[in-house]
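Peer 1: sequence unavailable; structure follows:
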């Protein structure tokens, strides 16, 4: 009854519906939560690393409210976890699974080392609802198309979310912890941190509040409002799901209750949760999706891969002269997030109108998104480029002008994020110039640029390139 359990915290910064934490408490002895800053953390881009740091700080305080602490260590988890086991006399280590290839390799090594030392090592589900190895086609193998995947899981049971522990049993003596401030996880954000911070909804309580408000007042109209970037019609939960401040199961059960109550948009919300699952399903089965063309026949496609090109710089800076593209890129720089319709438009424009490799966009999003998710980001970019599974067909080239007319008819979204064309610009549009690097030498008083590539010219160039390739 006095055996200590380490709970290795990763992207699961919550107390409720935390299977590893719940199992550790039920085991009966002291529980020591630990977070390891290893290469998977150090290699994060500026915005996701900064947001992770905020999440860790908030989570540490939540643990303190339960009579516990978050122990921070840095280094290779293959060394850190076994060393902490020896230091604390722990007889078990629990954690919730990760699915990217680097984490899988690390976790496999850690588990083997612990078991060799006669330490109980157990991993739990929690970041996903449907484990990738449990979902197969009727003929065997994994799903490569979303719709059959959705049909295969929509009626599967999802375990009811676990309650948060009322108290976490503490050890008599706590191991030493590194200082979070010393890690400087927000260093690369520079002055942008001050701008983005008010848009962050930090922690488990905020995530639950977000979900509750969405289900109460937005989910019924989700089918239509989710496509309108000027309308607050989405759940906004991607930020919290990315760091596990809320679980997908908690979102799923809330969506199911809304569906049972007859709220029209609930099933669409459930489908979006499963779209996230599909991304992880693909990353697990074909990890090449993270850094290579999923469709191997795209390997020879003549995309530009030179990030120094003026067109790429204009795209990153929100200075393409295409209002929908520029508004979305600026929204991301100010808030750390981008509306889903905007993500499709900016990705299509970069890969098709500008004929640039999807990796350029993926890398930029890796650096700028506070809701960065490895599987969703990779699949989203390859979907837009046409090189991924179940991707948008090569001949589908979004026209960003007609898309704006359709989804932002009154230009409310453009007005919120583009300052140059208005005598009294929206405050959020002005924030953009406070967040960007000074080296960009941009001002709200600049003239708004002409299009670097018109929709018509870009579409023709893309289709010519596609039609001259053998797919």
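Peer 2: Perfect, thanks for sending it. In this text the structure is predicted, and so the values were computed from the model without any measurement.
Peer 1: which residues does the closest residue to residue 458 other than its chain neighbours contact?
Peer 2: Closest residue to residue 458 in three dimensions, ignoring its sequence neighbours and counting by C-beta to C-beta, 6 or more residues apart in numbering: residue 353, at 2.8 Å. All C-beta spots, glycine's among them, are computed from the backbone N, C-alpha and C. By C-beta atoms under 8 Å, 6 or more residues apart in numbering, the contact list for residue 353 reads 397, 400, 453, 455, 457, 458, 459, 461, 462.
Peer 1: and residue 353, what pLDDT?
Peer 2: For residue 353, the model assigns a pLDDT of 94.
Peer 1: and if you look at residue 469?
Peer 2: 67.
Peer 1: for the stretch 1-150 of the chain, what are the low-confidence residue spans?
Peer 2: Low-confidence regions of the stretch 1-150 of the chain, defined by pLDDT under 70, span residues 1-2.
Peer 1: strands along that one, start to end?
Peer 2: 5-9, 31-37, 71-74, 92-96, 120-124 (DSSP state E, counting those that start in this stretch).
Peer 1: could you export these to a markdown table, including columns for mean neighbour count and distance to residue 205?
Peer 2: Listed next are these as a markdown table, based on neighbours: other C-beta atoms under 10 Å; distance: least, C-beta to C-beta, whole Å:
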| stretch | mean neighbour count | distance to residue 205 |
| --- | --- | --- |
| strand 5-9 | 26 | 18 |
| strand 31-37 | 24 | 18 |
| strand 71-74 | 19 | 22 |
| strand 92-96 | 23 | 20 |
| strand 120-124 | 17 | 23 |
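Peer 1: so which of those is nearest residue 201?
Peer 2: Comparing the strands of the stretch 1-150 of the chain against residue 201 with C-beta to C-beta, the closest turns out to be strand 5-9 (20.0 Å).
Peer 1: sorry, back to before: okay if I get the strands of the stretch 1-150 of the chain as CSV plus distance to residue 184?
Peer 2: Putting these into CSV (distance: least, C-beta to C-beta, whole Å) gives the following:
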stretch, distance to residue 184
strand 5-9, 20
strand 31-37, 11
strand 71-74, 12
strand 92-96, 25
strand 120-124, 30
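Peer 1: out of those strands, which comes closest to residue 146?
Peer 2: The closest approach between residue 146 and any of the strands of the stretch 1-150 of the chain, judged by C-beta to C-beta, belongs to strand 92-96 at 24.9 Å.
Peer 1: name the helices or strands packed onto the closest one?
Peer 2: Secondary-structure packing of strand 92-96 (3 or more C-beta pairs under 8 Å, 6 or more residues apart in numbering; DSSP states H and E): strand 5-9, helix 19-27, helix 101-116, strand 120-124.
Peer 1: just the residues contacting it, thanks.
Peer 2: Identification of contacts with strand 92-96 by C-beta under 8 Å, 6+ apart yields 3-10, 12, 18-21, 23-24, 27, 81, 85, 107, 110, 114, 119-127, 244.
Peer 1: how far does that strand sit from its chain's centre?
Peer 2: Averaged C-alpha coordinates place strand 92-96 at 23 Å from its chain's average position (C-alpha atoms, centre = their mean, to the nearest Å).
Peer 1: parallel or antiparallel, which strands does it pair with?
Peer 2: Sheet pairing of strand 92-96 (DSSP bridges) gives strand 5-9 (parallel), strand 120-124 (parallel).
Peer 1: for residue 372, find the nearest of the ones you listed.
Peer 2: Relative to residue 372, the nearest member of these by C-beta to C-beta is strand 5-9, separated by 18.3 Å.
Peer 1: so how far is that closest one from its chain's centroid?
Peer 2: Mean-position distance between strand 5-9 and its chain equals 23 Å (C-alpha atoms, centre = their mean).
Peer 1: quick one: that strand to helix 101-116, angle?
Peer 2: Note on geometry: by axes from the mean of the first three to the mean of the last three C-alpha atoms, to 10 degrees, strand 5-9 and helix 101-116 are set 170 degrees apart in direction.
Peer 1: got the angle for strand 5-9 vs helix 19-27?
Peer 2: Using the same axes, to 10 degrees: strand 5-9 against helix 19-27 is 170 degrees.
Peer 1: looks like residue 280 contacts residue 377 (just checking).
Peer 2: No. Here residue 280 does not reach residue 377: they are 11.9 Å apart, not a contact under C-beta atoms under 8 Å.
Peer 1: how far is stretch 452-471 from where the chain is centred?
Peer 2: Using C-alpha atoms, centre = their mean, the mean C-alpha position of stretch 452-471 is found 30 Å from that of the whole chain.
Peer 1: one more: stretch 167-176?
Peer 2: The gap between where stretch 167-176 is centred and where its chain is centred comes out at 32 Å by C-alpha atoms, centre = their mean.
Peer 1: contact partners of it?
Peer 2: Outside stretch 167-176, the residues that reach it (C-beta under 8 Å, 6+ apart) are 4, 21, 25, 28-33, 63, 66-69, 71, 84, 87-88.
Peer 1: ends of it, how far apart?
Peer 2: 21 Å (C-alpha to C-alpha, to the nearest Å).
Peer 1: out of the contacts of stretch 167-176, which are buried?
Peer 2: Restricting the contacts of stretch 167-176 to buried positions leaves 4, 21, 25, 29-33, 63, 66, 68-69, 71, 84, 88, with burial counted as 16 or more other C-beta atoms under 10 Å.
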